[in-house]
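Student: Structure here, sequence nowhere to be found:
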């Protein structure tokens, strides 16, 4: 018996191309944009639950010519693209998606398009995490719900403290517009660029880690930045310092981070990204008391979603007209 994941789906003459919208966790994809321009021209369906294996992906969307992906929730490596012979258009939210093998997509005749995004939502969530850590929001809220003693913690002040930014690009520079003393570092950051944003440039990563009360990551994950913070770097942070990561989990050695939190090398961490998503139920980061963990919400706002899906509809319409827009790669 042939596995459903490998059964070819026969073409149906005259049938509208099928489109799958992946990882619509909140079930809002079809309400965040006007999909009516595609009515009758495309058979659209949405999938709300994560597809955890390549077999699950092929079984779910193997009949689709068009796929709309949300960020990097579902990877499209070369091995998967080879198993999707019907796929011709892959639309991703944002104009960068490290989970799609663009070279393999090109080899298989798949056009990859992107959509615009906004830098403000991740910045706002970064500050939600910083404030939540500083004032022990989770601990105090949990105590309130449980009827535990009134006021069990003493919060950290932000006034007069130092914010360290690892990365001063589109998002990092927005996070710098605060009332704290801000110091920034990245491999290519110059003193001139830092001055433009109104922050100090650290002489090195180590100087920033030692100086900052809050360290926030705003870097693209790549060969040079993967594992940027390991055990030696985390030990350089202040024991009263907090680490905030709304960028990519791979920037930080996750085993070292768990150890740093368990052994109190640092005071705590605010996290929105993980090496496996959704985060496994038994993951230590779900239960450590000095972790404020969120389920990758940095880009999950109404304005972002409306922009993503509006431009996804435009990309699909352009593809059907023979002129894709916002092509990646």
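Tutor: Great, that's in hand. Owing to the predicted nature of the structure, the values given are computational and were not obtained by experimental measurement.

Student: CA only for contacts and neighbour counts going forward, please
Tutor: Will do.

Student: how close does residue 69 sit to residue 316?
Tutor: 13 Å (CA to CA, to the nearest Å).

Student: anything in contact with each of those two?
Tutor: residue 91 (CA atoms under 8 Å, 6 or more residues apart in numbering).

Student: And the helices in the stretch 101-250 of the chain?
Tutor: For the stretch 101-250 of the chain, applying DSSP state H, counting those that start in this stretch gives helices covering 102-107, 120-134, 137-146, 170-175, 191-197, 205-211, 231-236.

Student: Let me have those in CSV, adding mean neighbour count as columns.
Tutor: Shown next, in CSV, are those (neighbours: other CA atoms under 10 Å):
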stretch, mean neighbour count
helix 102-107, 16
helix 120-134, 20
helix 137-146, 14
helix 170-175, 19
helix 191-197, 14
helix 205-211, 20
helix 231-236, 17
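
Student: how about those, which one is nearest residue 322?
Tutor: Ranking the helices of the stretch 101-250 of the chain by proximity to residue 322 (CA to CA) places helix 102-107 first, at 16.5 Å.

Student: and for the closest one, what are the contacting residues?
Tutor: Against helix 102-107 from outside (CA under 8 Å, 6+ apart): 77, 78, 81, 111, 112, 328, 329.

Student: Tell me the span between the first and last residue of stretch 230-239.
Tutor: The first residue of stretch 230-239 is 16 Å away from its last residue (CA to CA).

Student: and the contacts of helix 102-107, which are buried?
Tutor: Taking 16 or more other CA atoms under 10 Å as the criterion, what is buried in those is 77, 78, 81, 111, 112, 328.

Student: can you redo these as CSV with distance to residue 212?
Tutor: Converted to CSV, the buried ones among the contacts of helix 102-107 look like this (distance: CA to CA, whole Å):
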residue, distance to residue 212
77, 38
78, 41
81, 44
111, 44
112, 40
328, 37
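
Student: which one of those residues is nearest residue 312?
Tutor: Nearest to residue 312 among the buried ones among the contacts of helix 102-107, with distances taken as CA to CA, is residue 112, at 11.2 Å.

Student: Do you know the pLDDT at that closest one?
Tutor: Residue 112 is assigned 96 on the pLDDT scale.

Student: check contacts around the spatially closest residue to it that is not a sequence neighbour.
Tutor: Leaving aside its chain neighbours, residue 112 sits nearest to residue 90 (4.8 Å; criterion: CA to CA, 6 or more residues apart in numbering). By CA under 8 Å, 6+ apart, residue 90 lies in contact with 66, 67, 68, 69, 110, 111, 112, 113.

Student: For these, which single residue is the most surrounded?
Tutor: Of all the contacts of residue 90, residue 68 has the most neighbours under the rule other CA atoms under 10 Å, reaching 27 neighbours.

Student: To which secondary structure element type does it belong?
Tutor: Here residue 68 is strand, with the state taken from DSSP: H, G, I helix; E, B strand; the rest coil.

Student: returning to that earlier point: same list (the contacts of residue 90) but as CSV, adding distance to residue 225.
Tutor: Shown next, in CSV, are the contacts of residue 90 (distance: CA to CA, whole Å):
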residue, distance to residue 225
66, 33
67, 30
68, 28
69, 25
110, 29
111, 28
112, 25
113, 26
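
Student: which ones are touching residue 71?
Tutor: With contact set as CA under 8 Å, 6+ apart, residue 71 has these partners: 92, 93, 94, 97.

Student: before we move on, the earlier item: among the buried ones among the contacts of helix 102-107, which are in strands?
Tutor: Mapping the buried ones among the contacts of helix 102-107 onto strands (DSSP state E) picks out 111, 112.

Student: And the buried ones among the contacts of helix 102-107, which is closest to residue 232?
Tutor: Checking the buried ones among the contacts of helix 102-107 one by one against residue 232 (CA to CA), the nearest turns out to be residue 77, at 32.4 Å.
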